[in-house]
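J.: sharing a model that was predicted from the sequence below.
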Amino acid sequence: MLFTYSTIRDQGNCGSCWAFGAVESMSDRICISSDGAMQPSISAEDLLSCCWSCGMGCNGRDKHYGKTAYSVSSEVEQIQKEIMTHGPVEGAFTVYADFPSYKSGVYQHETGGELGGHAIRILGWGTENDTPYWLVANSWNNDWGASGYFKILRGQDECGIESSIAAGLPK
């Protein structure tokens, strides 16, 4: 199977991580389900501003790219199975003061207070120096973190990363 993951995007100062996580995951899933024949870049802006049930603003065609949406169990094996079967998932976690300065390695909250919640796209998993991690795409531009990506501890529900997993199937 040949496919490409969506590029890292930049949500800017807009609190729109939920939209970026959703459209990036669905873009990847469309590419995967079409065996690479379709490589869309679904617009987060469209989801944010133009699709009031697809009747307000852009009102041109059905912009609901997903056939179905659902929650995924917080069990590591179920999240892994979902990623292997259908592609990246959208997740959410609590951001703490030490997270914005992440550069490399496997992130584990150590210091600083809670800044709020953040939605992201979980691409896969691995192990670094015997530490299991999730590989995650952020929406803070490719200048942030490890070229826009980060690794976060897997299997411990670090910052709630395994508690809020959502996915959908493309039409």
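T.: That came through, no problem.
J.: nearest the middle, which residue of this structure would you pick?
T.: residue 121 (1.2 Å; Cα atoms, centre = their mean).
J.: element containing it, please.
T.: Assigned by DSSP states H and E, residue 121 belongs to strand 114-128.
J.: could you do residue 23 as well?
T.: helix 17-33.
J.: what mean pLDDT does that helix get?
T.: Averaging pLDDT along helix 17-33 gives 75.
J.: after the helix or strand of the chain with the lowest mean pLDDT comes which helix or strand?
T.: Least confident helix or strand, the chain: helix 44-45 with a mean of 70, by mean pLDDT, DSSP states H and E. Once helix 44-45 ends, the next helix or strand along the chain (criterion: DSSP H and E) is strand 66-72.
J.: give me the packing partners of that next one, helices and strands only.
T.: helix 76-86, strand 165-170 (3 or more Cβ pairs under 8 Å, 6 or more residues apart in numbering; DSSP states H and E). In this view, the C-beta of every residue, glycine as well, is placed from N, C-alpha and C.
J.: what comes into contact with the shortest one?
T.: Contacts of strand 165-170 from elsewhere in the structure, counted by Cβ atoms under 8 Å, 6 or more residues apart in numbering, are 22, 25-26, 29-30, 33, 65-74, 79, 82, 86, 89-91, 122.
J.: ok and that strand relative to helix 17-33, angle-wise?
T.: Per axes from the mean of the first three to the mean of the last three Cα atoms, to 10 degrees, the angle that strand 165-170 makes with helix 17-33 is 50 degrees.
J.: could you number the chain from 40 rather than 1 from now on?
T.: Sure, I'll start numbering at 40, so the last one becomes strand 204-209.
J.: picking that back up, nearest to residue 151, out of the helices and strands packed on strand 105-111?
T.: Residue 151 sits nearest to strand 204-209 of all the helices and strands packed on strand 105-111, at 24.8 Å, using Cβ to Cβ.
J.: what angle do the closest one and strand 153-167 make?
T.: Inter-element angle recorded for strand 204-209 and strand 153-167: 70 degrees (by the same axes, to 10 degrees).
J.: what lines up beside strand 204-209 in the sheet?
T.: If you go by DSSP bridges, strand 204-209 pairs up with strand 105-111 (antiparallel), strand 128-135 (antiparallel).
J.: quick one: the least confident helix or strand of the chain to chain centroid distance?
T.: Computed by Cα atoms, centre = their mean, to the nearest Å, the chain-centroid distance of helix 83-84 equals 14 Å.
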